[in-house]
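[1] Return a 3D structure for these sequence lines:
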Amino acid sequence: MELQKMNGHSKDDGFDSLDLPTEHEEFLPHKAGAKKEVHFTDFEGKTSFGMSIFNLSNAIMGSGILGLAFAMSNTGIILFLILLVFIAILSAYSIHLLLQSAGVVGIRAYEQLGYRAFGHPGKILAASVITIHNIGAMSSYLFIVKSELPLVIQALYGKSENTGEWFLNGNYLIIIVSAAIILPLATMKQLGYLGYTSGFSLSCMVFFLVSVIYKKFNVMCPLPGQLQNNTNHTKQDCEAKLFTINSQTAYTIPILAFAFVCHPEVLPIYTELRDATKKRMQSVANISILAMFVMYLLTALFGYLTFYNAVESELLHTYIRVDPLDVLILCVRLAVLIAVTLTVPVVLFPIRRALLQILFPDKPFQWARHIGIAFCLIFLVNLLVIFVPSIRDIFGLIGATSAPSLIFILPGVFYIRIVPEDQEPLKSRPKIQAACFAGLGFIFMIMSLSFIIIDWVTGESRSGGGH
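    Alright, predicted model coming up:
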């Protein structure tokens, strides 16, 4: 993936778009015939359509899936469904804007789109946003490993409490997992090679979903801790709500908005797609988003219908509270750990691409540089997870700015700046839509930052999971 001569920009980032080949599919359907159908010829992708779907789906799938049932309890089933549909459509549209911009100038690197839109500052901005956001995502995944893996090993050994052995120390475990699993996968030359591990990661999450559905019919409501003398209260605890508005409803909107974040991985996957065209990559994105939409909805629905108002911000913790020795839930926890571990290398690839674009834009591929950057990134993330206990708050703040930028603001602004005005005037409907889309990103950013500041001021914890 990390090819520095990709898409003909190894020598000059500012080449003229008139000298570039265009996409096989037309950029603007209603202007068909205005361009010749020519493939990108500088890089031949070798990743199959199915493997590309696995990789993009794995990039979308985040640890936030564990908090969606809690989100549904604060919105109600119908409102949750409406919001999830709305966000899925917006995510597909965002990827559409990225692919359209890439098709105009023959670039399949997020950072180079930034260069074409705003020059070197745009390139630095795009690379910085991707780096910060994905380091935050990697940190969140390794935090799950640090907190959950010792508990799983403890349960497998039949121990009722942590007795202090080294193999029950989360800090040691994330170092071992990083060295034995994440680093070897991160040193793969191309992202497409991770399609197999991405497929296995997704199968682990499917097992998680099947278990959630199964548990719906095996966990009786009310839970033992909910039993009250007041029968009306107990009955209310076991009733599903279609619409709910409470103090935490607004907090679920950013959670859902960021549930489909995969934009740093879109263009690298596009680069390596076999027989790559804009239409084919859009199909990869649409199928991936649809698959994750179904998984998100079913997980939230059956998790919520199992525990109703008693569902916790982390769904697995709710099952553990009901039965700490449940073998199925223990297997599910292990599957989730495998899934998040195998996602880390996929998230690392765009960071390395961004760093290479900034530090070594004209250098050919070199194994030492490729492996060295991966090692340094994993080392840095391990240090953050081990020594910075408040890292979630730090990256919560960063994520509130980077995620809206990647999903809404940058794709919309790039489209407006890159697409020539002779093809799409500034006041044309597509560019007005892109401007409104970018404006929506600023609204989400303000909302997210406001919620975080409120949390800090009030000292409350709004849970639900991020990406």
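[2] quick one: low-confidence ranges for this protein?
    Filtered on pLDDT under 70, the chain yields the residue ranges 1-44, 160, 222-237, 390-395, 459-467.
[3] Tell me which residues of the longest helix seen in it come out buried.
    Counting residues, the longest helix found in the chain (DSSP state H) is helix 120-156. Buried residues in helix 120-156, counted by 16 or more other CB atoms under 10 Å: 122-146, 148-155. The way it works is simple: take the backbone N, C-alpha and C, and place the C-beta from them, glycine included.
[4] just stretch 155-168 next, same as before
    For stretch 155-168, by 16+ other CB under 10 Å, it's Ala155, Leu168.
[5] how far does it stretch from start to finish?
    11 Å (CA to CA, to the nearest Å).
[6] which other residues reach it?
    Pro150, Ile153, Gln154, Tyr172, Leu173, Leu325, Leu330 (CB atoms under 8 Å, 6 or more residues apart in numbering).
[7] Let's see that with 6 Å instead.
    Contacts to stretch 155-168, defined as CB atoms under 6 Å, 6 or more residues apart in numbering, come from residues Pro150, Gln154, Tyr172, Leu330.
[8] Name all residues that make contact with the last one.
    Put plainly, it is Leu330. Ala155.
[9] tell me which element it falls in.
    helix 327-359 (DSSP states H and E).
[10] relative orientation of that helix and helix 120-156 in degrees?
    160 degrees (axes from the mean of the first three to the mean of the last three CA atoms, to 10 degrees).
[11] Find the pair from the contacts of stretch 155-168 with maximum spatial separation.
    Tyr172 and Leu330 (21.0 Å; CB to CB).
[12] Please compute how far stretch 77-93 lies from its chain's middle.
    Its chain's C-alpha centre and that of stretch 77-93 lie 16 Å apart, by CA atoms, centre = their mean, to the nearest Å.
[13] Check which residues of the helix or strand containing Cys204 are buried.
    Per DSSP H and E, Cys204 falls inside helix 195-216. For helix 195-216, a neighbour-count test (16+ other CB under 10 Å) marks 195, 197-199, 201-202, 204-205, 207-209, 211-212, 215-216 as buried.
[14] Output the contacting helices and strands for that helix.
    Using 3 or more CB pairs under 6 Å, 6 or more residues apart in numbering; DSSP states H and E as the contact test, the elements touching helix 195-216 are helix 49-60, helix 278-307, helix 327-359.
[15] Can you lay out these as a markdown table showing distance to Ser247?
    A markdown table is the format used below for the helices and strands packed on helix 195-216 (distance: least, CB to CB, whole Å):
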| stretch | distance to Ser247 |
| --- | --- |
| helix 49-60 | 29 |
| helix 278-307 | 18 |
| helix 327-359 | 29 |
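[16] Pick the most buried one from those helices.
    By mean neighbour count, with neighbours taken as mean count of other CB atoms under 10 Å, helix 49-60 ranks first of these at a mean of 24.
[17] could I have that helix exported to PDB, CA atoms only?
    Taking C-alpha atoms only, helix 49-60 is exported to PDB below (Å, rounded to 0.1, in the frame of the first residue of the first chain):
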ATOM      1  CA  PHE A  49     -13.700  -7.200  -4.500                       C
ATOM      2  CA  GLY A  50     -14.600  -9.500  -1.500                       C
ATOM      3  CA  MET A  51     -11.300  -8.900   0.400                       C
ATOM      4  CA  SER A  52     -11.800  -5.100  -0.100                       C
ATOM      5  CA  ILE A  53     -15.200  -5.400   1.500                       C
ATOM      6  CA  PHE A  54     -13.700  -7.300   4.400                       C
ATOM      7  CA  ASN A  55     -11.000  -4.700   4.900                       C
ATOM      8  CA  LEU A  56     -13.400  -1.700   4.700                       C
ATOM      9  CA  SER A  57     -16.000  -3.400   6.900                       C
ATOM     10  CA  ASN A  58     -13.300  -4.100   9.500                       C
ATOM     11  CA  ALA A  59     -12.300  -0.500   9.300                       C
ATOM     12  CA  ILE A  60     -15.900   0.600  10.000                       C
END
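[18] Next, the angle from that helix to helix 278-307.
    Using the same axes, to 10 degrees: helix 49-60 against helix 278-307 is 50 degrees.
[19] Now do helix 49-60 and helix 195-216, the angle between them.
    Using the same axes, to 10 degrees: helix 49-60 against helix 195-216 is 60 degrees.
[20] Packing partners of helix 49-60?
    helix 195-216, helix 263-272, helix 278-307, helix 327-359.
[21] Please state the backbone phi and psi of Ala109?
    When read as degrees, to the nearest 10, the backbone of Ala109 gives phi -130, psi 130.
[22] Residues in contact with stretch 112-123: which ones?
    His9, Asp13, Ser101, Val105, Ile107, Glu111, Leu125, Ala126, Phe414, Arg417, Ile418.
[23] just stretch 46-63 next, same as before
    140, 144, 192, 195, 198-199, 201-202, 205, 260, 262, 265, 269, 272-274, 284, 287-288, 291-292, 340, 343, 346, 465, 467.
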